[in-house]
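>>> Pasting the sequence and the predicted coordinates here, then a few questions.
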Amino acid sequence: MIRYFKTDNQIIHEKERLEDGIWVQMLQPTQEECAQIAQDLNVDIEDIQAALDEEESARIELQDQYTLILVDIPTIEIRHEKQSYTTIPLGIILTQDVIVTVCTEDTAILQSFLEKRVKEFSTKKRLRFVYQILYRTATNYQINLRVIDKKRMEIEERIGDRMEDADLIDLHGLESTLVYFATSLRSNSVVLERLTRYKRLEQYPEDKELLGDVIVENRQAIEMTSIYRDIINGTRELMSSVLDNRLNTVMKYLTSITIVMAIPAAISGIYGMNVDEKWMPFSDTPYGFLIICALILCICIVTMFILRKKKML
């Protein structure tokens with residue numbers, strides 16, 4: 001799908017055709033739509049379709065008539081029937097008079113511009129528009145990272161009696177998301193560093209200040225990702241220790257029960273031996289069976305008391 005937008009006096013309007021100072025938004029474009037824009041703007045169709053490949057890495061390329069900026073942005077996906085986070089490419093193409101964005105999803109980053117939640121937004125100030133997109137991307141990473149840490153805290157609170165195997169799976173999913181985030185943020189930081197060096201991209205003083213803010217926010221997102229990964233690793237190790245301790249406790253109880261149950265089995269086995277009854281204690285006593293049962297019970301109680309004193313029961 002292709003949509004055209006243009007701002008007049010900081011008010012955005014949707015247009016019906018291509019013109020100067022316009023923003024071309026391409027969402028999951030078809031082959032025909034990509035070919036149309038490539039022909040109208042004299043752009044290589046492969047650069048337009050680059051953002052449609054989920055495995056494409058972030059980069060910046062300067063061509064003769066345009067500039068391609070490819071970054072990774074966070075998005076939501078359904079993984080194992082649960083909401084999770086991942087990253088997808090966002091392509092930005094700068095020509096002499098037009099800016100084109102290409103993405104496979106209608107993300108919240110671009111929606112914020114359409115919903116007029118970005119101050120001093122103008123489709124005519126193309127480079128500032130790019131920096132505003134990158135700034136929203138960095139802050140969106142931070143928002144998602146805080147949500148991930150909140151989910152981690154909820155799992156951590158259940159460590160103990162309410163902990164389940166599903167918590168380990170959820171924690172692994174959060175850790176995988178942080179790996180995706182860390183890789184994408186590092187790739188985006190390389191693009192930002194190159195933007196500071198290219199003199200071809202004309203910048204106003206306020207644009208340079210905005211780019212500096214973007215770099216700071218991106219670095220902060222990288223640091224947050226690293227910190228949260230370390231915390232999740234600690235949480236996972238804690239959960240593993242708790243599960244191991246549970247297993248050890250169960251094995252300890254089973255061993256203690258086995259010891260107690262072995263006492264009557266051993267005594268009854270001795271009395272079941274095929275020997276002369278005169279050698280068996282209480283064999284001629286009228287209440288010999290009850291006496292033996294009472295002795296077995298007493299021995300079991302003493303054994304249980306000893307095991308409990310050693311904290312094995």
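Okay, I see it. Numbering: from 1, shown residues only.

>>> Tell me how many other residues surround the closest residue in space to residue 93 that isn't next to it in sequence.
Excluding the flanking residues, the one nearest residue 93 by CB to CB, 6 or more residues apart in numbering is residue 100, at 4.1 Å. In short, each C-beta sits where N, CA and C put it, glycine included. Neighbours of residue 100 under the rule other CB atoms under 10 Å: 25.

>>> Now stretch 291-304: average pLDDT?
When pLDDT is averaged over stretch 291-304, the result is 87.

>>> Now do the buried residues in that stretch.
Applying a neighbour-count criterion of 16 or more other CB atoms under 10 Å, one finds 292, 296, 300, 303-304 buried in stretch 291-304.

>>> How about stretch 111-128?
Buried residues in stretch 111-128, counting neighbours by 16+ other CB under 10 Å, are found at 112-114, 118, 121-123, 125-128.

>>> likewise stretch 135-155?
Neighbour-count burial for stretch 135-155 flags 135-142, 144-145, 148-149, 151-152, 155 (criterion: 16+ other CB under 10 Å).

>>> same thing with stretch 94-102?
Going by neighbour count (16+ other CB under 10 Å), the buried part of stretch 94-102 is 94-95, 98-102.

>>> so can I have JSON lines of those residues showing secondary structure and distance to residue 34?
Listed next are the buried residues of stretch 94-102 as JSON lines, based on DSSP: H, G, I helix; E, B strand; the rest coil; distance: CB to CB, whole Å:
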{"residue": "94", "secondary structure": "strand", "distance to residue 34": "17"}
{"residue": "95", "secondary structure": "coil", "distance to residue 34": "15"}
{"residue": "98", "secondary structure": "strand", "distance to residue 34": "15"}
{"residue": "99", "secondary structure": "strand", "distance to residue 34": "16"}
{"residue": "100", "secondary structure": "strand", "distance to residue 34": "10"}
{"residue": "101", "secondary structure": "strand", "distance to residue 34": "13"}
{"residue": "102", "secondary structure": "strand", "distance to residue 34": "8"}
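
>>> possible to save those as JSON lines with distance to residue 269 and pLDDT?
What follows is the buried residues of stretch 94-102, written out as JSON lines (distance: CB to CB, whole Å; pLDDT from 0 to 100):
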{"residue": "94", "distance to residue 269": "90", "pLDDT": "87"}
{"residue": "95", "distance to residue 269": "93", "pLDDT": "86"}
{"residue": "98", "distance to residue 269": "93", "pLDDT": "87"}
{"residue": "99", "distance to residue 269": "89", "pLDDT": "89"}
{"residue": "100", "distance to residue 269": "87", "pLDDT": "90"}
{"residue": "101", "distance to residue 269": "83", "pLDDT": "91"}
{"residue": "102", "distance to residue 269": "81", "pLDDT": "91"}
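
>>> which one of those is nearest residue 60?
Lowest distance from residue 60 to the buried residues of stretch 94-102 (CB to CB) belongs to residue 94, with 10.2 Å.

>>> Need the phi and psi values for the closest residue to that closest one other than its chain neighbours.
Excluding the flanking residues, the one nearest residue 94 by CB to CB, 6+ apart is residue 67, at 4.4 Å. When read as degrees, to the nearest 10, the backbone of residue 67 gives phi -130, psi 130.

>>> Tell me the pLDDT of residue 67.
For residue 67, the pLDDT comes out at 87.

>>> Equivalent analysis for residue 202, please.
What the model reports for residue 202 is a pLDDT of 59.

>>> quick one on the thing from earlier: might one say that the residue nearest to residue 93 is in contact with residue 92?
Yes: between residue 100 and residue 92 there is a contact at 7.2 Å, judged by CB atoms under 8 Å.

>>> Name whatever forms a beta bridge with residue 101.
With DSSP bridges as the criterion, the beta-bridge partners of residue 101 are residue 25, residue 92.

>>> For it, give me its contacts.
Contacts for residue 101 (CB atoms under 8 Å, 6 or more residues apart in numbering) come out as 23-26, 90-93, 110, 133.

>>> try residue 219
Shown in contact with residue 219 (CB under 8 Å, 6+ apart): residue 189.
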